[in-house]
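Student: Generate a structure from the sequence data that follows.
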Amino acid sequence: MLKPHKKYFETLVDAIISQQLSVKVAEAIFNRFKLLFGNKQNSSQGFPAPDDIFSAADEKLRACGLSNAKVRYVKDLAFHVIEKKIKIKNLNSLPDNEIIGELTQVKGIGVWTVQMFLIFCLGRLNVLPVDDLGLKKAVMLNYKMRKLPDAQRIMMLSKLNCWEPYNSVATWYLWQSLSVNFNKKIRK
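Tutor: Take a look at the predicted model:
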């Protein structure tokens, strides 16, 4: 379900920490990261401020399970927020392409990460993450293709099937179809 929220900084830090990890491992590292700053799971305390993350010792961040690269990435995000290179609280007021431009300045945040942020954090309804592997697999299965489609083919399907201005919703349903297709295969 697409539920927008205002935890922009926390969501971006989580996205960096979670990259290329299983859901369970990412969750464990993210929880250790929050505990480092005194944020107990059911605490009323908020997420650590960018200043706290930027000034944290690299060794302490690595002890949570972050790689050297991810330590640099979360600190680069914190730096961009501290220096107001990214106006984190105003992101929702910007168009998608400007948000992509701002956030991809941060090391460790690429277009795909920003697209997921747009969909799941800001609740933007017209995002088409054409390079997402899950979307490619879902399109391939649902449109009975022999191989994964490229970005152009997905954009063409969006136009032909009138997904716009609800590309995010179409994408979400296509992602959901993967579990339906998987369950069909198991039952056979």
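Student: show me the contacts for the closest residue to R32 other than its chain neighbours.
Tutor: Excluding its sequence neighbours, the residue lying closest to R32 (Cβ to Cβ, 6 or more residues apart in numbering) is C64, at 4.2 Å. Yep, even glycine has a C-beta here, placed from its N, CA and C like the rest. Under the criterion of Cβ atoms under 8 Å, 6 or more residues apart in numbering, the neighbours of C64 are 29, 32-33, 36.
Student: Any chance of a ChimeraX selection covering the buried ones in the residues you listed?
Tutor: If you want just the buried ones from these in ChimeraX, going by 16 or more other Cβ atoms under 10 Å, the selection is:
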select :29,33,36
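Student: Now distance to F79, secondary structure and pLDDT too, for the contacts of C64, in CSV please.
Tutor: Listed next are the contacts of C64 as CSV, based on distance: Cβ to Cβ, whole Å; DSSP: H, G, I helix; E, B strand; the rest coil; pLDDT from 0 to 100:
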residue, distance to F79, secondary structure, pLDDT
I29, 21, helix, 97
R32, 22, helix, 95
F33, 17, helix, 96
L36, 18, helix, 93
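Student: From start to finish, how long is stretch 155-164 in a straight line?
Tutor: 10 Å (Cα to Cα, to the nearest Å).
Student: Likewise for stretch 93-110?
Tutor: End-to-end distance of stretch 93-110 (Cα to Cα): 20 Å.
Student: repeat for stretch 15-30
Tutor: Termini of stretch 15-30 sit 10 Å apart (Cα to Cα).
Student: do the same with stretch 79-92
Tutor: End-to-end span of stretch 79-92 (Cα to Cα): 20 Å.
Student: Any chance you could list what contacts it?
Tutor: 6, 8-9, 50-51, 54, 77, 99, 102-103, 105-106, 122.
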